[in-house]
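Colleague: How does the following fold in three dimensions:
(one chain, ligands or ions: 3)
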Amino acid sequence: MCLIKYFYLVQILVLAHAQNPPPPYGQLQIKGRFVEDSHGNVVQLRGMSLMASDYLSEWFNETAIYQTKCNWNSNIIRFGQMPSTPCCGGWNNTKDRDYMRMVNAVNACIKHGIYAIVDWHAFDDPQIDLAKDFFANMSKTFSGQ
Ligand SMILES: *[C@@H]1O[C@H](CO)[C@@H](O)[C@H](O)[C@H]1NC(C)=O
Ligand SMILES: *[C@@H]1O[C@H](CO)[C@@H](O)[C@H](O)[C@H]1NC(C)=O
Ligand SMILES: *[C@@H]1O[C@H](CO)[C@@H](O)[C@H](O)[C@H]1NC(C)=O
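Modeller: Numbers count the residues shown, from 1 in each chain. Ligands and ions are numbered 1, 2, ... in the order given. Okay, here's the model as predicted:
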């Protein structure tokens, strides 16, 4: 739900105990080469990639995600996780920090009713063992959501 600024405070009070808005197409499913909504209708998702939190951590926040939804009409955002980067961290180096960034970002998507792609952002070497650890963690963390 996109709130008009002037009603924001009022809405916060009204919605304080309301449930999160559902994502626009319910539970998605893959059929062949198509993405379908929960009723089997083919849907098209539109959104942004916010690269990886090591590099663009300032975008992994609720305000940016909310604005991406409401100002740019996105219904999906992709968040990448690097295995390791000499400059800035990665799952191997700053796991706890990156985990919190990812959790905050995905929870903001859930709160505002849009989809999130949790992705592994590796270049030459995919770092399979680290990737397995990452996806095992993410699938347990967001199980059922
Ligand atoms: C959230 O992201 C936007 C866009 O990068 C930035 O302007 C804002 O300062 C960020 N807020 C926080 C709390 O990091
Ligand atoms: C992960 O960290 C360990 C210990 O710091 C290091 O030995 C290893 O080379 C790192 N792996 C990658 C893929 O960066
Ligand atoms: C995922 O990793 C974080 C950061 O290390 C950790 O706190 C959390 O317990 C892990 N969750 C699971 C389900 O493995």
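
Colleague: Doesn't Y66 lie inside a strand?
Modeller: No. Secondary structure assignment (DSSP: H, G, I helix; E, B strand; the rest coil) places Y66 in helix, not in a strand.

Colleague: The closest residue to N104 other than its chain neighbours: neighbour count?
Modeller: Spatial nearest neighbour of N104, excluding adjacent residues (C-beta to C-beta, 6 or more residues apart in numbering): F60 at 6.4 Å. No exception for glycine: its C-beta is placed from N, CA and C like everyone else's. Applying other C-beta atoms under 10 Å, we find 23 residues neighbouring F60.

Colleague: Okay, F60 and ligand 3: tell me how far apart.
Modeller: Separation of F60 from ligand 3 (C-beta to the nearest ligand atom, to the nearest Å): 15 Å.

Colleague: wait, isn't that residue in contact with R101?
Modeller: Yes. In this structure, F60 is within contact of R101 by C-beta atoms under 8 Å, at 4.7 Å.

Colleague: Could you list the low-pLDDT ranges of this structure?
Modeller: Across the chain, the ranges flagged by pLDDT under 70 are 1-18.

Colleague: ok, 50 please
Modeller: Residues of the chain meeting the criterion pLDDT under 50: 1, 3-17.
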